[in-house]
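**Student:** Show me the folded form of this:
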Amino acid sequence: SSLPIIFTVGFVLKFEPYGIKVTNLSGLSKTVAGLLSINDKPVFSVASGSLGTLFDSDRAASNLTAVTATDEESDAITFAITTGSAPAGLTFNSNGTWSGTANAVGSTATSNFTVTATSGGQTITRDYSITVNEPIVYQALVVGGGGAGGYTTIGWAGGGGGSGGIAYHNNLSMADSTNYTVTVGQGGSEATTHSEGGSNVSDNGQNSQISGSGITTLIGYGGGGGAGYHNAYTIGASGGSGGGGEGGGSYSTTGATATQGTGGTTHYGGTGGSGSRGSPHEAGGGGGTGEAGSTDGIGYGGDGTADFDTWLTATSTGVASGGTRYIAGGGSGGRSSSAQVDGGLGGGGQGGNSSGSSGTAGAANTGSGGGGRGKYNVGSGTGGAGGSGLVIIRYNGSQQTGSSGGTIVTSGGYTYHTFTSSGTFRTNT
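**Tutor:** Modelled structure (predicted):
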């Protein structure tokens, strides 16, 4: 006959193998030594989940976590993927290590798989994953500070300030784990004399830029200041977009040319508008990044560009008009009549009028030009300050591990880092 044997205590490895002693009711017993050993399953040392994320720039297996386990009996442990598969190009070795280099992918992909650990005939499983990232493409929008509107003490009215120029790059070769310096230019300061920015012109805006390892410095030049001081029949200052000419007496005046930017794949900036000859003594509008000053009539600021509407919408920057966002508009010129004209779309300031009123400032962080002062011999107006610049860096996908700098948002398959003041952008680690 047979009897079940019930064990009521645990087994300790150092006492194995165990003997078994059987005693009957009359006290007779029999002991058999070395009869029982316990063969436990191996125990994983690495928690389930991700074994690593491989960036496109370094897809080597050395960046992954090896799978390890322990066995109480010190039996050899072997590992194998038994369900699913690892990314192509990688080999999972029987000792739990990885070798090879993952193949490049067109879009970020995660491979899920099950690893089985075997020792002494016992098995256990655990689920893991590996992600291979698509190539990161860095793009940048750099907008210089806007020029100030012109101030005049003898001339009829001050010209509008030109917008900051835009430098755009569609594929910056930024290195991993690297800091890049971001400079956001200030707008030209409010004009209280006719020559703050040089001979009979207001202050230019300051340049904005991105600089660092492996890239050509990307610069959006500051906008040109608007013209003042009639006796010199002054033209505006050159800049990212040109400043507008002053309101002329017996001669017309000329707007300045644009010096848009450097280092980008595309640059934007418009010529400043000319002032009128004689009555009604209207000063020229500052150039915008979408059109020249005075395109819509003498004194109107040139419109900014709408080419970056998606960027501006995602980051809540720029100025909306009719459901579209614009940036870097020129300031409008001052007038000696009561009518005022608009600054350019994208934040351009409005020029003053016959009351000698001040031009308004260009909108902050749009790189827009300030409006020119109105009629010279009345009131106490000033030329409007230029709007400060803006820098936005974006890349495809979600925020990269270790990337930082600016205000960060993810929208429409891109992550944006927006700088409204100078700072540091760091790429992924």
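**Student:** ok, then the element right after the lowest-mean-pLDDT helix or strand in the chain?
**Tutor:** Using mean pLDDT, DSSP states H and E, strand 29-36 stands out as the lowest-scoring helix or strand of the chain, at a mean of 75. Next helix or strand after strand 29-36 toward the C-terminus (DSSP states H and E): strand 43-44.
**Student:** residues in contact with the one helix or strand Ser50 maps to?
**Tutor:** Assigned by DSSP H and E, Ser50 falls within strand 49-54. When contacts are defined by Cβ atoms under 8 Å, 6 or more residues apart in numbering, strand 49-54 is touched by residues 60, 63-65, 67, 87, 98, 102, 128-133, 401. The C-beta positions use only the backbone N, C-alpha and C, and glycine is treated the same way.
**Student:** Moving C-terminal from it, which element do we reach first?
**Tutor:** Assignment by DSSP H and E places the next element after strand 49-54 at strand 69-70.
**Student:** Show me what that next one is packed up against.
**Tutor:** strand 43-44 (3 or more Cβ pairs under 8 Å, 6 or more residues apart in numbering; DSSP states H and E).
**Student:** Report the rounded mean pLDDT for stretch 100-118.
**Tutor:** Mean per-residue pLDDT for stretch 100-118: 96.
**Student:** and it, which residues are buried?
**Tutor:** 100, 102, 105, 111, 113, 115, 117-118 (16 or more other Cβ atoms under 10 Å).
**Student:** Take these and lay them out in TSV including distance to Gly270 and secondary structure.
**Tutor:** Listed next are the buried residues of stretch 100-118 as TSV, based on distance: Cβ to Cβ, whole Å; DSSP: H, G, I helix; E, B strand; the rest coil:
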residue	distance to Gly270	secondary structure
Gly100	54	strand
Ala102	48	coil
Val105	42	coil
Ser111	51	strand
Phe113	57	strand
Val115	62	strand
Ala117	68	strand
Thr118	72	strand
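**Student:** Just name the closest of those residues to Gly147, please.
**Tutor:** Val105 (46.4 Å; Cβ to Cβ).
**Student:** what's the closest one in contact with, if anything?
**Tutor:** With Cβ under 8 Å, 6+ apart, Val105 has these contacts: 56, 87, 132-134.
**Student:** Next: Leu141.
**Tutor:** Leu141 touches 166, 168, 308, 311, 390-393, counting by Cβ under 8 Å, 6+ apart.
**Student:** still on that earlier bit, may I ask which two of the buried residues of stretch 100-118 are separated the most?
**Tutor:** Top of the distance list for these (Cβ to Cβ): Val105 and Thr118, 31.3 Å.
**Student:** in its sheet, what does the strand holding Ser50 sit against?
**Tutor:** In the sheet, strand 49-54 lines up against strand 122-132 (parallel) (DSSP bridges).
**Student:** rewinding a little: of the contacts of Leu141, closest to Asp40?
**Tutor:** The closest of the contacts of Leu141, once distances to Asp40 are taken by Cβ to Cβ, is Ile393, at 53.8 Å.
**Student:** and the host helix or strand of that closest one, what does it pack onto?
**Tutor:** Per DSSP H and E: Ile393 is located in strand 390-396. Applying 3+ Cβ pairs under 8 Å, 6+ apart, one finds that strand 390-396 contacts strand 138-143, strand 179-183, strand 208-211, helix 309-315, strand 414-419.
**Student:** So Gly144 sits against Ala258, correct?
**Tutor:** No: checked against Cβ atoms under 8 Å, the pair Gly144 and Ala258 is beyond contact range at 10.9 Å.
**Student:** Between those two, point out the one with more neighbours.
**Tutor:** Gly144 (42 against 28; other Cβ atoms under 10 Å).
**Student:** what's the nearest residue to that one if we skip its chain neighbours?
**Tutor:** Gly164 (3.0 Å; Cβ to Cβ, 6 or more residues apart in numbering).
**Student:** What's the separation between that neighbour and Gly225?
**Tutor:** 12 Å (Cβ to Cβ, to the nearest Å).
**Student:** Mind listing the shared neighbours of these two?
**Tutor:** Counting by Cβ under 8 Å, 6+ apart, the residues touching both Gly164 and Gly225 are 147, 239, 386.
**Student:** how about the nearest residue to the second one, chain neighbours excluded?
**Tutor:** Take Gly239 and drop its neighbours on the chain: the residue closest to it by Cβ to Cβ, 6+ apart is Gly224, 3.2 Å away.
**Student:** ok, now which ones touch that neighbour?
**Tutor:** 147, 161-162, 201, 204, 236-243, 256, 258, 272, 286-287 are the contacts of Gly224 under Cβ under 8 Å, 6+ apart.
**Student:** Which pLDDT does the model give it?
**Tutor:** The score at Gly224 is 90. That number is its pLDDT.
**Student:** do Ile154 as well
**Tutor:** Value listed for Ile154 in the pLDDT field: 68.
**Student:** Could you count how many residues lie near Ser177?
**Tutor:** Ser177: 12 neighbours (other Cβ under 10 Å).
**Student:** From Tyr416, how far off is it?
**Tutor:** For Ser177 relative to Tyr416 (Cβ to Cβ), the value is 20 Å.
**Student:** Over to Gly89?
**Tutor:** 32 Å.
**Student:** So between those two, which is more surrounded?
**Tutor:** The residue with more neighbours, out of Gly89 and Tyr416, is Tyr416; 23 against 15, by other Cβ under 10 Å.
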